[in-house]
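Colleague: Predicted model, plus sequence, below.
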Amino acid sequence: MPQSYKQTIARLMATTPFGIDPDIQMTGRPPTMASSEFLTNKEQGDWAEQIVFKAINDNSPDYRAVKYGRSDSLAAGDPGFEDFYQSYQDELNTIGKRPDLLIFKRRVVGDEELDLSNDGTISRAIAAIEVRSSSFLANRYSQFMETRASQAVQRCRELKSAVLQNRMRDLLQQKSPEILSMIQHSNDETFRELDFRLRSWSSSAELRELSALLRELKEQIKILHKRDYLSITPKIEDLALVNRWIQHFNVRHFYLQVFFDKAYIIPFRDILAIASDPSKEDVVFSVEQDIKNQGKTTIKINVQVGKEILGRIDMPEHRSAMKELDRGRLLFYVTFQNGRGYLDNNVFTAEIINES
């Protein structure tokens, strides 16, 4: 008998190598003070959600997006924030992390006001979307990384040629024939695989020159090893909370990463499958302690693994705003308005509706 969606997710959760506790309970004190960065990030996240919401509802004749995630505007330091924070923790510990958007068939729900406090209504959704935002232009980033890698390979090629010149080659043969053999057999496709212990020879000018060439070669190899992709970034602790919501409602779940020029979508199921495959680590995903996520362990999956669902986004207007805290401290942050996302209906239908 085929597994249900929530059974599939539960099985994948059990196979992840991160020791995720599906029964985790969120505890801890509420933060006492908001920051300008937090407020800007919140504004950007709200803008990204609105871009996706309108792109679906303005362009999909058959499906309707409904806002479902928490929309409270309270921030740390505001009156009532502690009660709000505790209520949110209680919700996470009960039903898990609510996705930002739910997708319904228009022929089923029409334009009626939906009671999203009713579990039955939520379970009628055909998909759930967690919208994440990123402060990058995806196209510009890709161009930069391609240029950087190309320049590093070119420099490796030049350094290889210099090392293999007659006198340098003879010196390296004397000092380390293993390194010489590796460099001789390297090429554009394998430079990043070169791995040798850096030596520091200084007893002659020629040996110092050879050491400098090898040192720079190592530096260029490091560039080729740097992560060169933008990513979809679920936090490890969020996996358990998303799973809890899925187990409660059995609705297919997706992450959607919004950049300032396009957006990509990936099924939650694929996130778990990729993160459980050691052969894909440092190839299409990495696991990092992310400073931007309060140092929490984060999975960073190459967005190209997902599908480009918004092929173009018009840049929003951005303005400065100010928030005055109770004791007179002023926080300045950025707000975002307007902009537009252009939905690829073929990708939307294939990924959201037909994903099984």
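Modeller: Here it is on my side, so go on.
Colleague: Please save the CA atoms from whichever helix or strand residue 244 is part of in CSV.
Modeller: Element membership for residue 244, per DSSP states H and E: helix 236-249. Written as CSV, here are the backbone C-alpha positions of helix 236-249 (Å, rounded to 0.1, in the frame of the first residue of the first chain):
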residue,chain,number,x,y,z
ILE,A,236,17.8,22.2,11.2
GLU,A,237,15.5,23.0,14.1
ASP,A,238,12.8,24.1,11.6
LEU,A,239,12.8,20.7,10.0
ALA,A,240,11.2,19.1,13.1
LEU,A,241,8.6,22.0,13.3
VAL,A,242,7.7,21.7,9.6
ASN,A,243,7.4,18.0,10.0
ARG,A,244,5.0,18.5,13.0
TRP,A,245,2.8,20.7,10.9
ILE,A,246,2.8,18.1,8.1
GLN,A,247,1.9,15.3,10.4
HIS,A,248,-1.0,17.3,11.7
PHE,A,249,-2.5,18.4,8.3
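Colleague: got the angle between the helix or strand that that helix is followed by and helix 236-249?
Modeller: Per DSSP H and E, helix 236-249 leads on to strand 253-258 as the next helix or strand towards the C-terminus. Between strand 253-258 and helix 236-249, the angle comes out at 130 degrees (axes from the mean of the first three to the mean of the last three Cα atoms, to 10 degrees).
Colleague: Check which helices and strands strand 253-258 sits against.
Modeller: Applying 3 or more Cβ pairs under 8 Å, 6 or more residues apart in numbering; DSSP states H and E, one finds that strand 253-258 contacts helix 36-59, strand 127-133, strand 231-232, helix 236-249, strand 263-267, helix 268-275, strand 307-314. (Each C-beta comes from the backbone N, C-alpha and C, glycine too.)
Colleague: Nearest to residue 299, out of those?
Modeller: Nearest of the helices and strands packed on strand 253-258 to residue 299, taken as Cβ to Cβ: helix 268-275 at 5.2 Å.
Colleague: how about the helix or strand of the chain with the lowest mean pLDDT: buried residues?
Modeller: Ranked by mean pLDDT, DSSP states H and E, the weakest helix or strand in the chain is strand 285-290, scoring a mean of 83. Within strand 285-290, the residues that count as buried by 16 or more other Cβ atoms under 10 Å are 285, 286.
Colleague: Return the distance of it from the chain's centre.
Modeller: Put simply, strand 285-290 sits 9 Å off its chain's centre (Cα atoms, centre = their mean, to the nearest Å).
Colleague: Quick one: name whatever helix or strand follows that strand.
Modeller: Heading C-terminal from strand 285-290 (DSSP H and E), you reach strand 296-302.
Colleague: where does the stretch 1-150 of the chain dip in pLDDT?
Modeller: Scanning the stretch 1-150 of the chain for pLDDT under 70 picks out the ranges 1-2, 77.
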